[in-house]
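>>> Compute the structure for the input listed below.
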Amino acid sequence: MRGHYQAPPGAHKIDPQVVLDELLDKRDQGRKEPGSWIGDAIYGVNDGLGAIFGIVSGVSGATAGNSKYVLLAGISGLIASALSMGSGAYLAAKSEREIYMAEVAREREAIQMNGPEASELLSLYYQVKGLPEDDAMHMVEAHIERPRADAPRPGIGAAWHLRGGAGQPAGFGRFGALSTAVGAFIPIIPFFFMQGIEAVIAAAIISLAAHFAVGASKSLITIRSWWSSGFEMTAVGAIEGAVTYGIGVLLGKGGM
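All right, here's what the predicted structure looks like:
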């Protein structure tokens with residue numbers, strides 16, 4: 001790569017940020033890093049699946065699996081969960097960007113108001129990261145001599161900065177809402193075609209199978225085995241479903 005980007009004598013100086021972005025895009029082939037989008041998808045699907053499975057179980061216990069009430073509650077919960085997750089993801093990404101920019105602005109202000117103290121602090125950050133003291137001071141001097149409005153300070157998200165920030169908040173919002181809706185739709189599928197105890201059993205089977213699949217898929221971004229992660233999430237889903245179903249039965253017998 002160095003040979004490819006080595007500029008001939010007299011050529012226009014290459015912008016390191018442009019080269020970095022190009023290399024990262026080439027390495028990732030224009031995709032986000034797998035751990036990022038897979039983790040977001042798993043989180044969204046798991047949130048929707050768990051929330052609506054609990055609602056479906058509870059309403060099924062209270063109404064003996066009446067598909068009319070289960071679908072009404074399930075679809076309402078699906079919409080609410082998707083909107084909640086989407087808005088939460090949007091606000092989280094937006095807040096992350098605002099916090100980062102505020103930290104950069106405060107650091108630049110500190111350098112302008114008290115240069116020696118800020119320089120020493122910045123040098124210590126670099127030393128904590130593993131740079132020798134002399135090299136750390138050279139880095140600080142370079143920052144002071146050639147200040148950049150978006151230069152990251154060690155400890156406040158240099159990797160965030162190099163990867164282009166937190167991305168578009170609207171994109172995170174749409175992705176969060178969609179993945180949550182997908183997970184939330186799974187438990188209510190049987191009630192479109194069935195009702196009664198048969199629909200409850202079918203919903204429990206496909207929901208627990210989905211729990212296992214989501215848990216197993218976590219092994220793509222973690223070091224745990226797929227079966228261990230899958231069975232763990234299945235157990236959590238089974239407990240959740242049993243508890244909410246039991247509560248629904250009690251509420252149904254109580255006339256609620």
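>>> what about the stretch 101-250 of the chain, any weak spots by pLDDT?
For the stretch 101-250 of the chain, the stretches with pLDDT under 70 are 107, 110-111, 143-167.
>>> just the helices in it please.
115-128, 133-145, 158-162, 169-185, 196-217, 226-253 (DSSP state H, counting those that start in this stretch).
>>> Pull the distance from the first one to the chain's centre.
Read that as helix 115-128. Here helix 115-128 is found 32 Å from its chain centre; the criterion is C-alpha atoms, centre = their mean, to the nearest Å.
>>> in it, what counts as buried?
In terms of neighbour count (16 or more other C-beta atoms under 10 Å), helix 115-128 has its buried residues at 118, 119, 122, 123, 125, 126, 127. The way it works is simple: take the backbone N, C-alpha and C, and place the C-beta from them, glycine included.
>>> could you say what helices and strands that helix packs with?
Contacts defined by 3 or more C-beta pairs under 8 Å, 6 or more residues apart in numbering; DSSP states H and E place helix 115-128 against helix 67-113, helix 133-145.
>>> winner for burial among these?
Sort those by mean neighbour count, taking mean count of other C-beta atoms under 10 Å, and helix 67-113 sits at the top with a mean of 17.
>>> any idea how far it is from the chain center?
That offset, for helix 67-113, works out to 10 Å (C-alpha atoms, centre = their mean).
>>> which helices and strands sit right next to that helix?
So helix 67-113, by 3+ C-beta pairs under 8 Å, 6+ apart, packs with helix 34-63, helix 115-128, helix 158-162, helix 169-185.
>>> got the angle between the longest one and helix 169-185?
The reference is to helix 34-63. Orientation check (axes from the mean of the first three to the mean of the last three C-alpha atoms, to 10 degrees): helix 34-63 against helix 169-185 gives 40 degrees.
>>> So for helix 34-63, mean pLDDT?
Averaging pLDDT along helix 34-63 gives 85.
>>> elements contacting it?
Contact here means 3+ C-beta pairs under 8 Å, 6+ apart; on that basis helix 34-63 packs against helix 67-113, helix 169-185, helix 196-217, helix 226-253.
>>> Now do the residue nearest the centre of the chain against residue 200, distance only.
Geometric centre of the chain, nearest residue: residue 40, 3.7 Å, by C-alpha atoms, centre = their mean. Distance of residue 40 to residue 200, given as C-beta to C-beta, to the nearest Å: 31 Å.
>>> Same check on residue 251?
Counting by C-beta to C-beta - residue 251 and residue 200 are separated by 15 Å.
>>> Would you mind telling me which of those two has the busier surroundings?
Comparing residue 251 with residue 200 by neighbour count (other C-beta atoms under 10 Å), the higher total belongs to residue 200, at 24 against 15.
>>> I'd say that one and residue 63 touch.
No - Residue 200 is beyond contact range of residue 63, at 9.9 Å (criterion: C-beta atoms under 8 Å).
>>> show me what contacts the closest residue in space to residue 91 that isn't next to it in sequence?
Spatial nearest neighbour of residue 91, excluding adjacent residues (C-beta to C-beta, 6 or more residues apart in numbering): residue 169 at 7.5 Å. Neighbouring residues of residue 169 by C-beta atoms under 8 Å, 6 or more residues apart in numbering: 89, 90, 91, 93, 94, 97.
>>> Next one: the third one relative to residue 176, how far apart?
Translated: residue 91. With C-beta to C-beta as the criterion, residue 91 and residue 176 are 10 Å apart.
>>> before we move on, what about the last one?
From residue 97 over to residue 176 the distance is 16 Å, taken as C-beta to C-beta.
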